[in-house]
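**Q** Kindly generate the corresponding structure for this input.
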Amino acid sequence: MDVRFINPFLEGTMSVLRTMAFIEPRPGKPYLKKNNVAQGDISGIIGLTGDVRGSLALSFSEHCIMKIVSNMLGEEIKSMNGDIKDAVGEITNMVSGVARKKLEGMDLTISAAIPTVVSGKNHSILHVLGGPSIIIPFETDHGPFVVDVCLNA
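**A** Residues are numbered from 1 along each chain as shown. The predicted structure is shown next:
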């Protein structure tokens, strides 16, 4: 995977969470993921097509996503519910949108599918292309999450 494609997803994630949830995510060092096990308790996955093909997943720890959604909705969320699943899908869609806009600045045309949300301990993330993906880990004051990207230009 071309490393030029990593920054738009990193920047998109930070922008969306700052703007929509008033959360300051701190990125860690990206690394290669070699299996399908999700790094969090709930994940949004979206397919990408066009000049760049593949998929994006955001995978959140339970405590982290409950705080993010609480901030987004302006009310405290105390359990994993439908609002959480809806928000994970929407966050994934927004991050994809910001990243695609940045990639268009590189003269790449990319379309996105409708996000899918999967939850549960040790759930799997199966990327469209298969094979390894790049994980960008993030830490927040409320727990970790990761951006999981598998792309091919």
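
**Q** From now on I want contacts and neighbour counts done on CA atoms only, so please keep to that.
**A** Will do.

**Q** Break down the chain into its strands, ranges please.
**A** Using DSSP state E, the strands of the chain run over 26-27, 31-33, 42-50, 53-60, 110-112, 116-119, 133-140, 143-152.

**Q** okay, the third one in PDB with CA atoms only?
**A** This file holds the C-alpha atoms of strand 42-50, laid out as PDB (Å, rounded to 0.1, in the frame of the first residue of the first chain):
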ATOM      1  CA  ILE A  42     -17.300  -2.200  17.600                       C
ATOM      2  CA  SER A  43     -16.200  -1.400  14.000                       C
ATOM      3  CA  GLY A  44     -17.500   0.500  11.100                       C
ATOM      4  CA  ILE A  45     -16.400  -0.800   7.700                       C
ATOM      5  CA  ILE A  46     -16.800   0.900   4.300                       C
ATOM      6  CA  GLY A  47     -15.700  -0.200   0.800                       C
ATOM      7  CA  LEU A  48     -13.900   2.100  -1.500                       C
ATOM      8  CA  THR A  49     -13.800   2.000  -5.300                       C
ATOM      9  CA  GLY A  50     -12.300   4.000  -8.100                       C
END
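
**Q** where's the residue minimising distance to the centre of the chain relative to P144, distance?
**A** For the chain, the residue sitting closest to the mean C-alpha position, by C-alpha atoms, centre = their mean, is L58 at 2.4 Å. Distance from L58 to P144, counting by C-alpha to C-alpha, to the nearest Å: 11 Å.
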